[in-house]
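*Asks:* sequence-free structure coming up:
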């Protein structure tokens, strides 16, 4: 697997926000989002090749039982990732996978929860909303929003697609948080407004 880095930090977003977490960040992405936190991971030839055994040994040595697999787009390496997920799940790790919603994630669902980041217009990219029926109550759908156009798009998706998992509205760092909050407080949908904690505290 092409690995960008493995490290421990606080989970900055999603259901597990604020909890200690081991991050396995894989290299390579099929999108170039305007709001990408980690543009250096977009190159599939980046990072370094590591075996599943070496990855597992490092994860175990860090001693944190919560794992977030991110990227890049980690599901581009799904074939190599699946055996690792089976071992982690078998050893009792709680695993979350962050995905940009362009790669089918059905194969990983027995072993991990998914956070599907639906790309809004300001990102310059687009997710595959036909994947939304795969979302379960343990999964999460996230909209990173910068402006009213993004909010209108998110509202449209929520009207057109029943979503079983938790829905998060995450303002772009530095956006008008108050205006976004004022807009979504009246939405007829169960949502969570969430600022990116890792950016607030200056950690990766």
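*Replies:* Happy to help now that I have it. In this text the structure is predicted, and so the values were computed from the model without any measurement.
*Asks:* And the top strand by length along the chain, what does it pack against?
*Replies:* The residue-count maximum for a strand in the chain (DSSP state E) belongs to strand 2-10. Counting contacts by 3 or more CB pairs under 8 Å, 6 or more residues apart in numbering; DSSP states H and E, strand 2-10 is packed against strand 20-26, strand 48-49, helix 52-62, helix 197-200. The way it works is simple: take the backbone N, C-alpha and C, and place the C-beta from them, glycine included.
*Asks:* at 6 Å instead, please
*Replies:* The contact analysis (3 or more CB pairs under 6 Å, 6 or more residues apart in numbering; DSSP states H and E) places strand 2-10 against strand 20-26.
*Asks:* buried stuff in stretch 85-102?
*Replies:* Of all the residues in stretch 85-102, those buried under the rule 16 or more other CB atoms under 10 Å are 85, 88, 93-102.
*Asks:* how distant is it from the center of its chain?
*Replies:* Counting by CA atoms, centre = their mean, to the nearest Å, stretch 85-102 is centred 11 Å from the centre of its parent chain.
*Asks:* begin at 44 from here
*Replies:* Okay, using 44 as the starting number, the last item reads as stretch 128-145.
*Asks:* Between the two ends of that stretch, how far is it?
*Replies:* From its first residue to its last, stretch 128-145 covers 20 Å (CA to CA, to the nearest Å).
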